[in-house]
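A.B. asks: prediction below, plus the sequence it came from.
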Amino acid sequence: MNFASARGAMGRTQQLLAALSAVAAALAPRVHAGADARFACGFETSWSACGFGEQARARDRISLIEVAGRSGVRLRTLPGDREIAGSGEAERADLALSPEATGCVEGREQWWAHSLLFPSDYELPVVTAADSWPWGVVFDFHHTGSTGQANFQVDVADFPPRLRFAISAGPVVSSGAPGSPTRRWEIGPIVKNRWYDFVYHVKWSAHGDGWFDAWVDGKQIVHYLGPTLYAGQGCYLKLANYHTPVGKPVSVVHGRVLRGPTREALGSGPLP
């Protein structure tokens, strides 16, 4: 997405990663990211205890909530929530793990699962005079560089807006624009007030030996072979509510986040 300047974006990214690394270090006895390490956060009591750092205008933009029988965390933006952690004119209320806690490094294989819900007060991206191509991002594995498209993201875009996957990786940092190296897969139209359950099997690599498989509610949408990182970079997990302005409050609810070395390590539930 667009930033005010490359220099300013680089500084903000470095500050963010330093802050997230400090959180990870403080939680080191509880948060590990080795090849065989598991991660589990159900948001029953806290997000910070799981190692998530906040990127929001104010702390009240993030709150614990129970929806449809599940615990979760609500990320809410208000009009004017711009210039948050390099968001530029876009509005943001995100939670991020550090690269260390995410464990996204060259050659590592991981399984991840997470859930999200679009509540009644979620607003679809809308075309405005300032934004002819509106968008929203609700989850991503963000590269550690300062500009360009995240390595993997779940976004909302197109006409009419639909839920999609996107992968950007390899020797060229993608802008995400038409003609860029970004690849996309459609999930479908947004359905409010229902949980979407995602599962990923990934090998992180800046080379051709990487892969990324993605399932939604048990149905495989992505079977991708190729780079999953940019050259010389890692990545970190973000639970997101990041979007072009719509002139209204926007909420996204995220549920449990799990990681393990195998599919079985993620436990039972709506998994492939």
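C.D. replies: Received it, and whenever you're ready, just let me know what you need.
A.B. asks: any stretches of the chain with poor pLDDT?
C.D. replies: For the chain, applying pLDDT under 70 flags the ranges 1-36, 268-272.
A.B. asks: which strand runs longest in it?
C.D. replies: Counting by DSSP state E, the longest strand found in the chain is strand 250-260.
A.B. asks: which strands or helices does that strand pack on?
C.D. replies: Applying 3 or more Cβ pairs under 8 Å, 6 or more residues apart in numbering; DSSP states H and E, one finds that strand 250-260 contacts strand 39-41, strand 70-77, strand 109-117, strand 136-143, strand 235-243. The way it works is simple: take the backbone N, C-alpha and C, and place the C-beta from them, glycine included.
A.B. asks: kindly recompute the last result at 10 Å.
C.D. replies: Counting contacts by 3 or more Cβ pairs under 10 Å, 6 or more residues apart in numbering; DSSP states H and E, strand 250-260 packs against strand 39-41, strand 62-67, strand 70-77, strand 94-96, strand 109-117, strand 136-143, strand 195-203, strand 235-243.
A.B. asks: compute the inter-axis angle for the last one and strand 62-67.
C.D. replies: Going by axes from the mean of the first three to the mean of the last three Cα atoms, to 10 degrees, strand 235-243 is angled at 80 degrees with respect to strand 62-67.
A.B. asks: determine how far strand 235-243 lies from the middle of the whole chain.
C.D. replies: 3 Å (Cα atoms, centre = their mean, to the nearest Å).
A.B. asks: could you do the fourth one as well?
C.D. replies: On the basis of Cα atoms, centre = their mean, strand 94-96 is displaced by 8 Å from the centre of the chain it belongs to.
A.B. asks: so what secondary structure elements neighbour that strand?
C.D. replies: Strand 94-96 sits against helix 6-26, strand 53-55, strand 70-77, strand 136-143, strand 235-243, strand 250-260, with contacts defined as 3+ Cβ pairs under 10 Å, 6+ apart.
A.B. asks: partner strands of that strand, with direction?
C.D. replies: Take DSSP bridges as the rule and strand 94-96 pairs in its sheet with strand 53-55 (antiparallel), strand 235-243 (antiparallel).
A.B. asks: any chance of the helices and strands packed on strand 250-260 in JSON lines, with distance to T128 and mean neighbour count too?
C.D. replies: Below are the helices and strands packed on strand 250-260 laid out as JSON lines (distance: least, Cβ to Cβ, whole Å; neighbours: other Cβ atoms under 10 Å):
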{"stretch": "strand 39-41", "distance to T128": "35", "mean neighbour count": "19"}
{"stretch": "strand 62-67", "distance to T128": "26", "mean neighbour count": "15"}
{"stretch": "strand 70-77", "distance to T128": "15", "mean neighbour count": "22"}
{"stretch": "strand 94-96", "distance to T128": "22", "mean neighbour count": "26"}
{"stretch": "strand 109-117", "distance to T128": "25", "mean neighbour count": "20"}
{"stretch": "strand 136-143", "distance to T128": "14", "mean neighbour count": "25"}
{"stretch": "strand 195-203", "distance to T128": "27", "mean neighbour count": "20"}
{"stretch": "strand 235-243", "distance to T128": "12", "mean neighbour count": "27"}
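A.B. asks: now the ones you listed in a markdown table, with distance to P227?
C.D. replies: Formatted as a markdown table, the helices and strands packed on strand 250-260 follow (distance: least, Cβ to Cβ, whole Å):
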| stretch | distance to P227 |
| --- | --- |
| strand 39-41 | 24 |
| strand 62-67 | 33 |
| strand 70-77 | 29 |
| strand 94-96 | 22 |
| strand 109-117 | 15 |
| strand 136-143 | 11 |
| strand 195-203 | 10 |
| strand 235-243 | 12 |
